[in-house]
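Student: what's the 3D shape of this:
(one chain, ligands or ions: 1)
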Amino acid sequence: MTVAASASRFDEVIDRRTSNSMKWAGAQTMLAPDEAAADPLPMWVADMDFRAPQPVIDALVAAAQDGMFGYPNGATKSYVAAVTNWQRRRFGWEVAPEWVVQTSGIITAIKTIVQAFSAPGDSVLIQPPVYAHFRDDVLLNGRFPVDAPLTRTADGYRYDEKVFEAAIRPDTKIFILSHPHNPTGNVWSEAELRSMGEICARHGILVVADEIHQDLIMNPALKHVPFASLGEAFAENSITCTAPSKTFNLPGLQSANLFIPNPRLREEFLRQYDRNMFPLVNVMGMVAAEAAYAHGEPWLEELLAYIRANHAHFSQAVNGLNGGLRVLPADALYLEKCRGPLYDEFALCGMAGEPRPGMPPPIYRSRDDLMRQTPAFQATLRRDRLDHHFDSAWRLLDNHFADANPYMPAIAAHVDRVEKMIARDDFSALTGVPKPIMAAELRARMQSPPN
Ligand SMILES: Cc1ncc(COP(=O)(O)O)c(C=O)c1O
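Tutor: Residues are numbered from 1 along each chain as shown. Have a look, this model is predicted:
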């Protein structure tokens with residue numbers, strides 16, 4: 001819908017109904033026949049209906065004309081420069097080139113981070129209502145989400161440090177921060193970020209700052225402050241996730257970046273990433289991302305003005321209906337939140353609204369539900385947990401055999417920890433493997449030299 005006063009490139013209506021898009025075609029499969037018959041607009045995933053910036057299209061056409069699509073040799077210097085210059089220009093944050101790790105997407109990265117920095121059965125802190133993948137991917141990997149819910153206020157949701165710290169358990173290893181927060185649109189202040197970061201540091205929890213929506217600040221009075229830009233201690237205990245996908249409407253090209261200042265975390269992430277997949281990104285995704293960061297800024301400024309106008313138009317129209325729904329202010333993201341008499345509904349944010357009467361509950365709500373509902377998964381979890389502990393002991397030993405290394409005390413401590421865990425009855429009960437067999441397996445693995 002056209003809401004800007006003068007003509008804009010974003011006025012063009014692109015009909016994607018017949019395209020193979022998750023947003024349009026995929027939505028049809030999620031609807032009951034009567035819902036599909038109403039032909040609703042698919043406001044459920046952060047994927048815009050605007051054409052990508054022309055410099056991106058031009059760069060892709062040039063690369064396609066070149067006709068060479070061989071394996072890329074990792075990130076080029078010009079690619080890394082485009083990414084790091086963007087962070088400096090837009091947020092005043094100096095990202096060192098060696099911190100940049102390419103990935104095909106943030107969901108992929110988060111799954112890998114969960115595997116690398118926690119063990120099956122550990123817990124991961126999240127701030128609901130939040131992007132559904134945070135909860136789902138944690139559960140999918142046999143870890144458990146612990147909720148530090150945002151407090152519902154008259155106009156939205158806010159952070160409460162007491163709630164945040166109280167949610168932490170002894171087995172909480174990771175906090176996944178959504179910043180700006182999807183779906184509430186909260187742009188976290190420096191003080192809030194410091195509070196979250198300091199609490200996590202105190203409890204030995206790694207912060208994963210998902211900043212994929214960093215460029216979409218709707219309230220011009222607010223500014224995005226990257227979590228890791230707060231200082232060295234914050235940078236060293238965090239992994240920042242960014243991508244040009246939401247900003248420039250390129251999610252299908254699967255190109256994203258992580259910034260990992262701490263070399264130990266970087267090495268551990270890469271090790272797990274390499275196990276899961278071949279660590280190269282699509283050449284065309286890289287071409288598009290570089291062009292977007294290097295030449296897409298004017299397009300983005302125009303987009304922000306256009307979306308701000310759309311937000312204003314949407315709230316005026318919905319509030320004017322007097323239908324019991326009130327649109328809440330939006331500080332960030334191109335999504336809308338509406339407050340109804342019973343629950344809040346979030347649109348364009350990749351998640352459903354709050355649970356409401358008559359709706360089936362989510363399949364898994366808690367550790368207990370998960371255990372009750374899926375005996376097969378439970379068995380896998382036990383085996384995974386055992387393997388994870390053997391494996392991390394093995395990797396430490398591997399380092400040890402590789403060369404004289406500084407990790408010897410850590411290796412000894414870890415082996416000791418695994419042995420103690422095996423000696424405990426509850427670990428044996430949890431894994432379902434008898435103690436003597438586990439102990440024998442551990443000894444055997446440790447005695448045979450690595451290949
Ligand atoms: C907070 C958040 N993180 C991650 C993603 C998905 O990222 P990717 O497509 O890079 O996996 C989304 C998409 O909506 C999102 O809102």
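Student: okay, and for the stretch 1-150 of the chain, where does confidence drop off?
Tutor: 1-6 (pLDDT under 70).
Student: Any idea which residue of it lies closest to the ligand?
Tutor: Closest residue of the stretch 1-150 of the chain to the ligand, Cβ to the nearest ligand atom: residue 105 (3.0 Å). Every residue, glycine included, has its C-beta placed from N, CA and C.
Student: give the contact list for that residue.
Tutor: By Cβ atoms under 8 Å, 6 or more residues apart in numbering, the contact list for residue 105 reads 243, 245, 251, 254, 256.
Student: Which of the residues you listed ranks first by neighbour count?
Tutor: residue 243 (28 neighbours; other Cβ atoms under 10 Å).
Student: Would you check that my belief about that residue contacting residue 255 is correct?
Tutor: Yes: Residue 243 is within contact range of residue 255, at 6.9 Å (criterion: Cβ atoms under 8 Å).
Student: Between these two, which contacts overlap?
Tutor: Joint contacts of residue 243 and residue 255 (Cβ under 8 Å, 6+ apart) are residue 289.
Student: Tell me which stretches of the stretch 101-250 of the chain form helices.
Tutor: 106-117, 132-140, 161-167, 190-202, 232-236, 245-248 (DSSP state H, counting those that start in this stretch).
Student: packing partners for the helix or strand containing residue 89?
Tutor: Assigned by DSSP states H and E, residue 89 falls within helix 77-91. Here helix 77-91 touches strand 100-103, helix 283-295, going by 3 or more Cβ pairs under 8 Å, 6 or more residues apart in numbering; DSSP states H and E.
Student: which SS class is residue 308?
Tutor: What DSSP: H, G, I helix; E, B strand; the rest coil gives for residue 308 is helix.
Student: right, and residue 74 touches residue 280 too?
Tutor: Yes: applying Cβ under 8 Å as the test, residue 74 and residue 280 come out as touching, 7.4 Å apart.
Student: Send over the helix holding residue 89 as PDB, restricted to the C-alpha atoms.
Tutor: Provided in PDB are the C-alpha atoms of helix 77-91 (Å, rounded to 0.1, in the frame of the first residue of the first chain):
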ATOM      1  CA  LYS A  77      39.500  -9.000   1.600                       C
ATOM      2  CA  SER A  78      37.000  -6.800  -0.100                       C
ATOM      3  CA  TYR A  79      34.100  -8.800   1.400                       C
ATOM      4  CA  VAL A  80      35.500  -8.500   4.900                       C
ATOM      5  CA  ALA A  81      36.200  -4.800   4.400                       C
ATOM      6  CA  ALA A  82      32.600  -4.200   3.300                       C
ATOM      7  CA  VAL A  83      31.300  -6.000   6.400                       C
ATOM      8  CA  THR A  84      33.600  -4.300   8.900                       C
ATOM      9  CA  ASN A  85      33.200  -0.900   7.400                       C
ATOM     10  CA  TRP A  86      29.400  -1.200   7.700                       C
ATOM     11  CA  GLN A  87      29.800  -1.900  11.500                       C
ATOM     12  CA  ARG A  88      32.100   1.100  11.900                       C
ATOM     13  CA  ARG A  89      30.000   3.500   9.800                       C
ATOM     14  CA  ARG A  90      26.600   2.600  11.100                       C
ATOM     15  CA  PHE A  91      27.400   1.800  14.800                       C
END
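Student: Give me the residues contacting it.
Tutor: Counting by Cβ under 8 Å, 6+ apart, 93-97, 100, 214-215, 224-226, 229, 242, 257, 259, 286, 289-290, 293-294, 297 sit against helix 77-91.
Student: can you check stretch 143-150 too?
Tutor: 114, 118-129, 134-135, 138-139, 157-160, 163-164, 166-169, 172, 181, 184, 186, 366-367, 370.
Student: Could you list the contact residues of the stretch 1-150 of the chain toward the ligand?
Tutor: Taking Cβ under 6 Å from any ligand atom as the contact definition, the stretch 1-150 of the chain meets the ligand at 46, 105, 106, 107, 131.
Student: Now flag whichever of the residues you listed is closest to residue 310.
Tutor: residue 46 (14.2 Å; Cβ to Cβ).
Student: residue contacts, residue 60?
Tutor: Contacts of residue 60 (Cβ under 8 Å, 6+ apart): 284, 287, 288, 291.
Student: So which of those residues is the closest to the ligand?
Tutor: residue 288 (13.3 Å).
Student: thinking the closest one is in contact with residue 59, fair?
Tutor: Yes: the criterion here is Cβ under 8 Å, and residue 288 meets it with residue 59 at 6.6 Å.
Student: of those two, who's got more company?
Tutor: Remark: of residue 288 and residue 59, residue 288 carries more neighbours, 28 against 20, as counted by other Cβ under 10 Å.
Student: Please identify the deepest-packed of the helices and strands packed on helix 77-91.
Tutor: Mean neighbours per residue, mean count of other Cβ atoms under 10 Å, is largest over the helices and strands packed on helix 77-91 for helix 283-295, with a mean of 22.
Student: what is the rounded mean pLDDT of that helix?
Tutor: Average pLDDT, helix 283-295: 98.
Student: got the angle for that helix vs helix 77-91?
Tutor: Direction vectors for helix 283-295 and helix 77-91, defined by axes from the mean of the first three to the mean of the last three Cα atoms, to 10 degrees, enclose an angle of 40 degrees.
Student: gap between helix 283-295 and the chain center?
Tutor: 21 Å (Cα atoms, centre = their mean, to the nearest Å).
Student: do the same with stretch 130-145
Tutor: The answer for stretch 130-145 is 10 Å, by Cα atoms, centre = their mean.
Student: Dump that stretch to CSV, restricted to CA.
Tutor: Taking Å, rounded to 0.1, in the frame of the first residue of the first chain, the C-alpha atoms of stretch 130-145 are listed here in CSV:
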residue,chain,number,x,y,z
VAL,A,130,11.0,-14.2,21.6
TYR,A,131,11.8,-15.5,18.1
ALA,A,132,10.5,-19.1,18.1
HIS,A,133,13.8,-20.6,16.8
PHE,A,134,15.6,-19.8,20.0
ARG,A,135,13.4,-22.2,21.9
ASP,A,136,12.9,-24.8,19.2
ASP,A,137,16.6,-25.2,18.2
VAL,A,138,17.6,-25.5,21.9
LEU,A,139,15.1,-28.3,22.4
LEU,A,140,16.0,-29.9,19.1
ASN,A,141,19.5,-30.3,20.3
GLY,A,142,18.5,-31.9,23.6
ARG,A,143,19.2,-28.8,25.7
PHE,A,144,16.5,-27.0,27.6
PRO,A,145,15.3,-23.4,27.4
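Student: Report the buried residues of that stretch.
Tutor: Within stretch 130-145, the residues scored as buried using 16 or more other Cβ atoms under 10 Å are 130-139, 141-145.
Student: show me the contacts for the closest residue to residue 24 other than its chain neighbours.
Tutor: Closest residue in space to residue 24, ignoring its immediate chain neighbours: residue 16 at 4.7 Å, by Cβ to Cβ, 6 or more residues apart in numbering. Contacts of residue 16 were listed using Cβ under 8 Å, 6+ apart, and they are 23, 24, 49.
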